[in-house]
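K.L.:
here is my input, please return the structure:
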Amino acid sequence: MLTIARLVADPALGLRVMTPQLTERLAAEIRWLHTTELPDPSRYVRPGELVLTNGLWLPHVSSERFVDAVARAGAIGLVFGLTAQTPVLPEELAALCISHGLPLVELCIGVPFAALTRAAARIQNEVLQAELTATIRRGDALATALSRGSGAAGVLEILRGETELPLLVVDRKGRCLASIGCEPTGEQVRLAAAALNRTPPPIEVDLLGSGPSALYLIEGVMGEIDAGLYCLAPATELAAADREALDQATRFLSLEVTKQQAVHAIEARFAAELLEMILSGPRRSGEVSQRLRAYGVPSDQPLGVFALAPVSPSGSPDLSPDDIADAVGAFFATHGIPVFTAAGSRDMVAVCPWEHTSEELTRFARELSAEVGRRVPAARIVIGLGEIATAAGALREPLVRAREVCQVLRGQDGRDTASFADIATFRMLLGLLDEQVLHRFTDQVLGIIREHDARAHTELEHTLRTFLRHDGQWGVTAAALHVHVNTLRNRMARITELTGRNVNRLEDTVDLFLALAAETVGPGTASRVAVR
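P.N.:
Below is the predicted model:
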């Protein structure tokens with residue numbers, strides 16, 4: 001960069017530093033050169049400029065007032081050019097410059113200011129060429145790293161060759177994509193991700209007492225903020241070269257993040273299709289076997305089946321199964337076990353080879369719940385287990401059971417893991433039935449009520465749901481519906497008339513209850529949830 005020191009180092013200019021006490025100020029960057037002979041140039045001199053003068057103002061103003069004006073304007077230094085009329089520096093000028101912290105340089109007679117300006121332009125041109133060359137070389141290196149599959153870690157490695165600053169890349173979902181020069185904690189990563197979801201995102205973020213960390217935003221293909229490059233140092237402490245390198249890196253990281261999102265979307269769709277095949281039953285067992293082998297899961301061996309779901313504390317934002325995907329994958333990788341996972345809106349399914357006993361599978365599930373819970377501290381992890389499937393063609397029933405057990409556990413405050421044998425409810429039975437059977441049953445029982453509600457603008461189905469939700473208590477149900485008990489009785493009588501089922505008979509009440517429940521717990525629902 002252009003500095004007083006670089007100008008002084010040019011012997012052709014004949015410059016001599018007259019304030020050796022301010023040597024450290026000679027390394028400050030010069031914004032540009034400003035020639036002036038005004039008695040008070042403060043209105044025209046910009047901060048960071050080097051002021052050049054021949055002292056033609058001396059007959060009109062004191063050296064003290066001139067130096068004060070130059071210093072007040074924020075000048076980087078003062079060059080006094082000697083002339084035949086002023087062959088030596090004014091005696092008090094050096095002392096005044098020292099008192100104002102303003103470096104003073106003497107320019108010998110015979111050297112015009114134009115020579116100084118040309119030298120400054122040459123230096124600036126060299127600096128720009130060097131910066132451009134560095135940018136091109138860095139860009140080539142970044143492009144090569146990404147093309148070779150080095151990912152975000154490869155980008156940070158290249159930056160590490162230019163700066164010793166600790167760096168961290170985090171996406172909006174709270175995943176640490178890469179880090180170098182630091183080992184971020186889970187809470188630091190969470191804070192980094194939370195900052196990306198603010199509107200607008202901050203310029204700096206305090207990551208748990210590490211001090212302000214400069215944030216460089218990484219945009220995706222739609223212009224949305226998908227991730228952030230954190231430099232664990234305040235933005236004000238970064239050199240211009242560091243800022244340029246970090247800014248360039250974010251553009252390449254944007255390509256990498258976009259690529260990873262596309263890959264993740266393809267993998268998620270592939271997994272969702274496989275999950276749907278499993279739920280469709282043995283008729284597609286050949287395709288299921290082939291796709292499981294793509295995940296390294298042998299299809300002709302016993303398979304363990306898990307359904308995991310995060311349960312966030314009351315008042316905390318809900319986590320999606322995607323939030324625990326990385327933790328689940330890391331756990332199985334640590335144990336050297338291949339696994340197929342598929343995330344839906346309610347749970348995450350995991351299928352892995354398992355040649356041990358059911359009791360050992362239960363212990364393994366407890367370890368999985370505890371480890372994922374440590375990696376995702378904002379949630380409690382519940383796991384439902386299905387029976388060990390003999391092969392890929394027998395996965396459907398264990399999978400349905402595992403998912404229903406998982407949903408039961410989500411509504412309880414006790415165990416974090418359980419199997420079908422531990423928790424048996426009507427949901428399990430419904431989950432094992434064919435989707436079309438459930439649909440026909442629901443339509444047969446409730447179809448006439450829904451037709452009546454649509455035609456007469458009544459609320460018989462809502463009344464029935466509320467009545468059953470309150471265990472058939474007339475007074476409580478009437479209060480919940482904000483109607484008189486007699487109005488409620490009239491509505492229930494109308495339901496009996498339409499459906500032929502009386503809520504005062506147990507078997508009829510069971511029919512009505514199961515018809516309503518079948519829409520929320522059947523296998524078709526599980527399949528649709530998985531692929532949403």
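
K.L.:
please enumerate the helices of the stretch 51-200 of the chain.
P.N.:
Ranges of helices in the stretch 51-200 of the chain, per DSSP state H, counting those that start in this stretch, are 63-72, 93-99, 113-147, 151-160, 186-196.

K.L.:
so for residue 346, which of those helices sits nearest?
P.N.:
Ranking those by proximity to residue 346 (C-beta to C-beta) places helix 186-196 first, at 22.4 Å. In this view, the C-beta of every residue, glycine as well, is placed from N, C-alpha and C.

K.L.:
next structured bit after that closest one?
P.N.:
Remark: after helix 186-196, the chain's next helix or strand is strand 204-206, criterion DSSP states H and E.

K.L.:
which helices and strands does the helix or strand following that next one pack with?
P.N.:
Sequence order places strand 212-219 as the next helix or strand after strand 204-206, per DSSP H and E. In this structure, strand 212-219 packs against helix 186-196, strand 204-206, strand 225-231, helix 240-279, with contacts taken as 3 or more C-beta pairs under 8 Å, 6 or more residues apart in numbering; DSSP states H and E.

K.L.:
most packed of those?
P.N.:
Neighbour counts (mean count of other C-beta atoms under 10 Å) averaged over each of the helices and strands packed on strand 212-219 peak at strand 225-231, with a mean of 25.

K.L.:
packing partners of that strand?
P.N.:
strand 167-171, helix 186-196, strand 212-219, helix 240-279.

K.L.:
redo that, cut-off 10 Å
P.N.:
Judged by 3 or more C-beta pairs under 10 Å, 6 or more residues apart in numbering; DSSP states H and E, the packing partners of strand 225-231 are helix 151-160, strand 167-171, strand 176-180, helix 186-196, strand 204-206, strand 212-219, helix 240-279.

K.L.:
can I get these in CSV with mean pLDDT?
P.N.:
Formatted as CSV, the helices and strands packed on strand 225-231 follow (pLDDT from 0 to 100):
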stretch, mean pLDDT
helix 151-160, 86
strand 167-171, 89
strand 176-180, 87
helix 186-196, 84
strand 204-206, 88
strand 212-219, 89
helix 240-279, 85
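
K.L.:
ok, the residue nearest the centre of the chain to residue 196 distance?
P.N.:
Taking C-alpha atoms, centre = their mean as the criterion, residue 172 is the residue nearest the geometric centre of the chain, at 1.6 Å. Separation of residue 172 from residue 196 (C-beta to C-beta, to the nearest Å) stands at 5 Å.

K.L.:
shared neighbours, these two?
P.N.:
218, 225-228 (C-beta atoms under 10 Å, 6 or more residues apart in numbering).

K.L.:
what number of residues are in the vicinity of the spatially closest residue to residue 8 that is not a sequence neighbour?
P.N.:
The spatially closest residue to residue 8, leaving aside those adjacent along the chain, is residue 15, at 4.6 Å (C-beta to C-beta, 6 or more residues apart in numbering). Neighbour count of residue 15, defined by other C-beta atoms under 10 Å: 21.

K.L.:
residue 292 versus residue 15, what's the distance?
P.N.:
According to C-beta to C-beta, residue 15 stands 77 Å off from residue 292.

K.L.:
again with residue 171
P.N.:
28 Å.

K.L.:
ok, residue 370 next?
P.N.:
Counting by C-beta to C-beta, the gap from residue 370 to residue 292 is 27 Å.

K.L.:
how about residue 422?
P.N.:
For residue 422 relative to residue 292 (C-beta to C-beta), the value is 27 Å.

K.L.:
likewise residue 298?
P.N.:
8 Å.

K.L.:
residue 304 too?
P.N.:
13 Å.

K.L.:
between the two, which contacts overlap?
P.N.:
Residues touching both residue 304 and residue 292 (C-beta under 10 Å, 6+ apart): 351, 353.

K.L.:
if we can go back for a sec, out of the helices and strands packed on strand 212-219, flag the one nearest residue 97.
P.N.:
Closest of these to residue 97 is helix 240-279, at 26.7 Å (criterion: C-beta to C-beta).

K.L.:
quick one, the next helix or strand after the closest one and helix 240-279 angle?
P.N.:
Using DSSP H and E, the helix or strand that follows helix 240-279 in sequence is helix 285-294. Helix 285-294 runs at 150 degrees relative to helix 240-279, counting by axes from the mean of the first three to the mean of the last three C-alpha atoms, to 10 degrees.

K.L.:
buried ones in helix 285-294, by neighbour count?
P.N.:
Across helix 285-294, burial judged by 16 or more other C-beta atoms under 10 Å covers 285, 288-289, 291-292.

K.L.:
I'd like those residues as CSV, with distance to residue 88 appended.
P.N.:
Listed next are these as CSV, based on distance: C-beta to C-beta, whole Å:
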residue, distance to residue 88
285, 101
288, 95
289, 96
291, 90
292, 91
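
K.L.:
would you map the strands across the stretch 301-450 of the chain?
P.N.:
With DSSP state E, counting those that start in this stretch, the ranges of strands along the stretch 301-450 of the chain come out as 303-311, 340-343, 348-353, 380-385, 417-419.

K.L.:
now tabulate those in JSON lines and tack on mean neighbour count.
P.N.:
Putting the strands of the stretch 301-450 of the chain into JSON lines (neighbours: other C-beta atoms under 10 Å) gives the following:
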{"stretch": "strand 303-311", "mean neighbour count": "25"}
{"stretch": "strand 340-343", "mean neighbour count": "22"}
{"stretch": "strand 348-353", "mean neighbour count": "24"}
{"stretch": "strand 380-385", "mean neighbour count": "25"}
{"stretch": "strand 417-419", "mean neighbour count": "22"}
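
K.L.:
dump those strands to a markdown table, plus distance to residue 450.
P.N.:
Converted to a markdown table, those look like this (distance: least, C-beta to C-beta, whole Å):
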| stretch | distance to residue 450 |
| --- | --- |
| strand 303-311 | 31 |
| strand 340-343 | 33 |
| strand 348-353 | 32 |
| strand 380-385 | 32 |
| strand 417-419 | 35 |
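
K.L.:
CSV for those, including mean pLDDT and distance to residue 408?
P.N.:
Shown next, in CSV, are the strands of the stretch 301-450 of the chain (pLDDT from 0 to 100; distance: least, C-beta to C-beta, whole Å):
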stretch, mean pLDDT, distance to residue 408
strand 303-311, 90, 11
strand 340-343, 89, 20
strand 348-353, 93, 16
strand 380-385, 89, 7
strand 417-419, 89, 8
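
K.L.:
wait, which of those is closest to residue 153?
P.N.:
Among these, strand 340-343 comes nearest to residue 153, with 22.9 Å by C-beta to C-beta.

K.L.:
partners of the closest one, with directions?
P.N.:
Partner strands for strand 340-343, per DSSP bridges, with pairing direction: strand 348-353 (antiparallel).

K.L.:
and the angle from the partner strand to strand 303-311?
P.N.:
Here strand 348-353 runs at an angle of 160 degrees relative to strand 303-311 (the same axes, to 10 degrees).

K.L.:
picking up where we left off before, wait, which of the helices and strands packed on strand 225-231 is closest to residue 106?
P.N.:
Ranking the helices and strands packed on strand 225-231 by proximity to residue 106 (C-beta to C-beta) places helix 240-279 first, at 29.5 Å.

K.L.:
how deep is the closest residue to residue 296 other than its chain neighbours tucked in, by neighbour count?
P.N.:
In space, and not counting its chain neighbours, residue 296 is closest to residue 338: 3.4 Å by C-beta to C-beta, 6+ apart. Residue 338 has 15 neighbouring residues, counting by other C-beta under 10 Å.
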